[in-house]
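Visitor: generate coordinates for the sequence data below:
(one chain, ligands or ions: 1)
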Amino acid sequence: EKQGFRHFMVKEIYEQPGVVRTCLEAYLNHQWNPDSDQSPINLGIPTELYSDLEHIQIVACGTSWHAGLVGKYLLQELAQIHTNIEYASEFRYSPPPITANTLTIGITQSGETADTLAALAMVKERRENQPAKYQAKLLGITNRVDSSLASIVPDLIDTRAGIEIGVAATKSFIAQLMAFYFLALDLAYHRKTLSNVQIEEIITELRQLPAQIEIILESQERYIEELAHEFTETTDFIFVGRGINYPIALEGALKLKEISYIHAEGYPSGELKHGPIALLDAKVPVVAIAMPGKVYEKTLSNAQEAKARDSRLIGVIAMDDKEAAETFDELLPVPQVNELLSPVLTVIPLQLLSYHIAARRGLDVDQPRNLAKSVTVE
Ligand code: F6R
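Guide: All right, here's what the predicted structure looks like:
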């Protein structure tokens, strides 16, 4: 069932264009045009969840938390709604004060993560018998609508990635990102924070993502496989990104440590000089995500700080970006794209890099030590 792939993880990486296509097919209102008076998005969730909304809180763990962090940037930027994200395991024991008109979103691929389920159950319980505006509004985002999550949360977005077998989340993460694009656009439509024309532009760009992921897979796989050979003995990696690509730096580092057992840390680029830069030398490669957008110049100058410490610099950059190409030692180019959509592309080379390093090290990529696909204990 690996269909010719060596591991499920790489098979699932290659399924991602199809996953994005499935999500676009399922959740876009295909009759919509900027003159119509219905939402361009059809998530199948009640619009009461949006009424009088002032605040969103997201709870999740691991890779799902990273998707939630991308979601926070999207919800704030596109729908202008104040959004917090918490680790479910922290939220449970230090819950924030109860805020009014708050939507709580639990995001869990498996729908079985104990901490995420408990955090959601706690929100429900604490808000019972409260005045109307404090009542719990709950939404789940999951790849398993038949999971335990469904018994806690009345409304779900099904991420439709298909069953994921590799323990390291890849296609389920991409599908979670898609869910946040649709949710943010739907909210932007209802809250009128974007014009219909602006929404249409973003939808047009979303539709290009599957082909753009294919371009990365086709053009990068060989090169990344070769590059991975050079890091089989590396013991530490640093990943940096800013803005909406900061969560992707975290995700790149998590993927690498989970399956290759190499110590890796992700930071917001601007934090490098506040401590982690002390770690850098010729033995510690730095992977920087430097896509054109509002934090581009700053990201490049952060990367140069690392270069000055002799670190090997690997850049996830836009294809045809000559300035960035000169800054980095190794290039992982992805198609040029709206910065807000770029995480869907920038994560792909990082998945491939961690996969090939782990495979090269001869490790059990699909079943890494000490990890389980669903973490059903605290
Ligand atoms: C990373 C990974 C874990 C999960 C985390 C949450 O590749 O698989 O970090 O993301 O255990 O799992 P779910 O999404 O099932 O709640």
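Visitor: quick check, the helix or strand harbouring L250 touching the ligand?
Guide: If you go by DSSP states H and E, L250 is part of helix 246-260. Yes - using CB under 6 Å from any ligand atom, helix 246-260 reaches the ligand at 254, 258. For glycine as for every other residue, the C-beta is placed from the backbone atoms N, C-alpha and C.
Visitor: just checking, what packs against that helix?
Guide: Using 3 or more CB pairs under 8 Å, 6 or more residues apart in numbering; DSSP states H and E, the elements in contact with helix 246-260 are helix 62-79, strand 236-241, strand 263-268, strand 286-290, helix 343-360.
Visitor: nearest to the ligand among the ones you listed would be which one?
Guide: Distance to the ligand, taken as CB to the nearest ligand atom, is lowest for helix 62-79 among these, at 2.0 Å.
Visitor: so what does the helix or strand just after the closest one touch, helix or strand wise?
Guide: Using DSSP H and E, the helix or strand that directly follows helix 62-79 along the chain is strand 82-87. Contact here means 3+ CB pairs under 8 Å, 6+ apart; on that basis strand 82-87 packs against strand 55-60, helix 62-79.
Visitor: which strands border strand 82-87, and is each parallel or antiparallel?
Guide: strand 55-60 (parallel) (DSSP bridges).
Visitor: list the buried residues for the strand it pairs with?
Guide: For strand 55-60, burial by neighbour count (16 or more other CB atoms under 10 Å) applies to 56-60.
Visitor: could you work out the most separated pair of the residues you listed?
Guide: Spatial extent of the buried residues of strand 55-60 (CB to CB) is set by the pair I56 and A60 at 12.7 Å.
Visitor: where does the residue in the stretch 251-378 of the chain positioned nearest to the ligand fall, helix, sheet strand or coil?
Guide: Residue nearest to the ligand within the stretch 251-378 of the chain: V375 (4.8 Å; CB to the nearest ligand atom). Classification of V375 by DSSP: H, G, I helix; E, B strand; the rest coil places it in coil.
Visitor: G111 is in contact with that one, correct?
Guide: No - using CB atoms under 8 Å as the test, V375 is too far from G111 to be in contact (11.9 Å).
Visitor: who has more neighbours out of these two?
Guide: For the pair V375 and G111, the greater number of neighbours falls to G111 (25 against 17), based on other CB atoms under 10 Å.
Visitor: wait, a strand at that one?
Guide: No - secondary structure of G111 (three-state DSSP): coil, not part of a strand.
Visitor: need the pLDDT of the closest residue to V375 other than its chain neighbours.
Guide: Distances taken as CB to CB, 6 or more residues apart in numbering place T113 nearest to V375, at 5.4 Å, with adjacent residues excluded. Reported pLDDT at T113 in the predicted model: 97.
Visitor: so which bits of the stretch 251-378 of the chain are right by the ligand?
Guide: 254, 258, 374-375.
Visitor: from the residues you listed, which two are the most distant?
Guide: Maximum pairwise distance among these (CB to CB): 16.8 Å, between L254 and S374.
Visitor: looking at the buried residues of strand 55-60, which is nearest the ligand?
Guide: Comparing those against the ligand with CB to the nearest ligand atom places A60 closest, at 6.5 Å.
Visitor: CA atoms only for the helix or strand of the chain with the lowest mean pLDDT, dumped as CSV, please.
Guide: Every helix and strand of the chain was ranked by mean pLDDT, DSSP states H and E. The lowest is helix 296-307, at a mean of 90. C-alpha atoms of helix 296-307 as CSV (Å, rounded to 0.1, in the frame of the first residue of the first chain):
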residue,chain,number,x,y,z
TYR,A,296,11.5,39.9,3.7
GLU,A,297,14.4,42.4,4.1
LYS,A,298,14.5,41.9,7.9
THR,A,299,14.6,38.1,7.4
LEU,A,300,17.5,38.4,5.0
SER,A,301,19.4,40.6,7.4
ASN,A,302,18.8,38.1,10.2
ALA,A,303,20.1,35.3,8.0
GLN,A,304,23.2,37.3,7.3
GLU,A,305,23.9,37.5,11.0
ALA,A,306,24.0,33.8,11.0
LYS,A,307,26.3,33.7,8.0
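Visitor: contact partners of that helix?
Guide: Defining contact as CB atoms under 8 Å, 6 or more residues apart in numbering, one finds that helix 296-307 is touched by 238, 240-242, 269-270, 272-273, 277, 280, 286, 288-290, 313, 315, 323-324, 327-328.
Visitor: which of the residues in stretch 256-274 are buried?
Guide: Buried positions in stretch 256-274, judged by neighbour count with 16+ other CB under 10 Å: 256-262, 264-269, 272.
Visitor: any chance of those in TSV, plus pLDDT and distance to E233?
Guide: Formatted as TSV, those follow (pLDDT from 0 to 100; distance: CB to CB, whole Å):
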residue	pLDDT	distance to E233
L256	97	14
K257	96	16
E258	95	19
I259	95	16
S260	94	11
Y261	94	13
I262	96	10
A264	98	15
E265	97	18
G266	97	21
Y267	96	23
P268	95	28
S269	93	26
L272	91	24
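Visitor: ok, so of those, who is nearest P247?
Guide: Proximity of the buried residues of stretch 256-274 to P247 (CB to CB) peaks at G266, which lies at 8.4 Å.
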